[in-house]
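Enquirer: With the input below, show me the fold.
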Amino acid sequence: MSNQVEVIDADGVSKHAAMHSIMVMEQWGNGETYNEATWVERGRQAVHKTLEGMFELGRALIILKEHTEHGRFESIVKEQFGLGKAETSRLMSATKRFATPQMQKALPKLMDLGKSKLLELLVEEDVTLTGLAEGEEVNGMTLDDVDRMTVRELRVALRENREQLAAKDKVLGDKNAKIDELAEKLEKSKKKSTVKEPEPADVANELHMMVGSKEVAIRSQVVQLGELFGQMAAHETAHGLSHRAKMVGVINQIVMDLNHLRDVYNLPNDIPEDETPEWLQPESE
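Expert: I've put the predicted structure just below:
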């Protein structure tokens, strides 16, 4: 008996859902039969039209701004479009950013994210936006990650990433500034004592600082080389054009140059632990 009741209830729920769908589709769907894939695609097309309209408005704003006086332009955008200064500026900036061929190529993928997320992403460099569109992981995020985020989550993630980059730049800048400061002091010290020979320890310190400065510059270049390798790998995945020969050739040449230095000066692979220079040894009592 209870089973029969459950079947009847389930059938009633199904009929209620069907009637509800018919009512909704009569009111909003022109009487069509509901199909999820169909309405998802129509929603996506609507998003694209909205964004296309945004860029068309941006073009209109740029043209108007170039042909009207400052006060007249502000009056037009406020009275005719209902826009304030900040939104007007963002629309024109977005339009200009996506006017280049490279950004035009990335735009279709980024448009799928919607207007709000696209505008949030404008704080990033062009190479970051094109990388996202091409399927790369940029700043720890992929295009799918951005798509799953809310606008607020994306804004927070972008802000945190900028803060991390700023902190790294500050550390590197402080280190380079310290090296420059020490080098300047040594240079002044050399000028003061034109007759007296410099102390071996001072010369050694200066040489170490110069080598350290070169090391920082070279490692920075290696990091940038890695970023370019990432773009080449993404390009290979997207278009099937292999860059591996070039990448291997570059690495091999750098390794050969470094091994040449090691051979010329007969340097071991590991840093010696028992060869302390005399100028670093503690003074005997």
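Enquirer: need the contact list for the nearest residue to residue 155 once chain neighbours are set aside.
Expert: Counting by CB to CB, 6 or more residues apart in numbering, residue 155 lies nearest to residue 120, which is 5.5 Å off, once chain neighbours are set aside. From N, CA and C alone the C-beta is placed, and that goes for glycine too. If you count contacts by CB atoms under 8 Å, 6 or more residues apart in numbering, residue 120 has them with 151, 154-155, 158.
Enquirer: now swap in residue 102 and tell me
Expert: 126, 130.
Enquirer: secondary structure class for it?
Expert: What DSSP: H, G, I helix; E, B strand; the rest coil gives for residue 102 is helix.
Enquirer: ditto for residue 83
Expert: Per three-state DSSP, residue 83 ends up coil.
Enquirer: From residue 17, how far off is it?
Expert: In this view, residue 83 and residue 17 are 43 Å apart by CB to CB, to the nearest Å.
Enquirer: Please identify which of those two sits among more neighbours.
Expert: Shown here are residue 83 and residue 17; by other CB atoms under 10 Å, residue 83 has more neighbours (18 against 10).
Enquirer: What separation do you get for the nearest residue to that one once chain neighbours are set aside and residue 22?
Expert: Spatial nearest neighbour of residue 83, excluding adjacent residues (CB to CB, 6+ apart): residue 77 at 4.6 Å. Residue 77 is 45 Å from residue 22, where distance means CB to CB.
Enquirer: Which of those two has more residues huddled nearby?
Expert: residue 77 (21 against 14).
Enquirer: That one against residue 62, yeah?
Expert: No: if you go by CB atoms under 8 Å, residue 77 and residue 62 don't touch, sitting 11.5 Å apart.
Enquirer: What segments of this structure are helices?
Expert: If DSSP state H is used as the criterion, the helices of the chain fall at 2-28, 36-67, 70-81, 85-97, 101-111, 115-120, 126-133, 143-148, 151-192, 200-239, 244-264.
Enquirer: okay, those helices, which one's buried deepest?
Expert: Most buried of these, by mean neighbour count (mean count of other CB atoms under 10 Å): helix 126-133, with a mean of 19.
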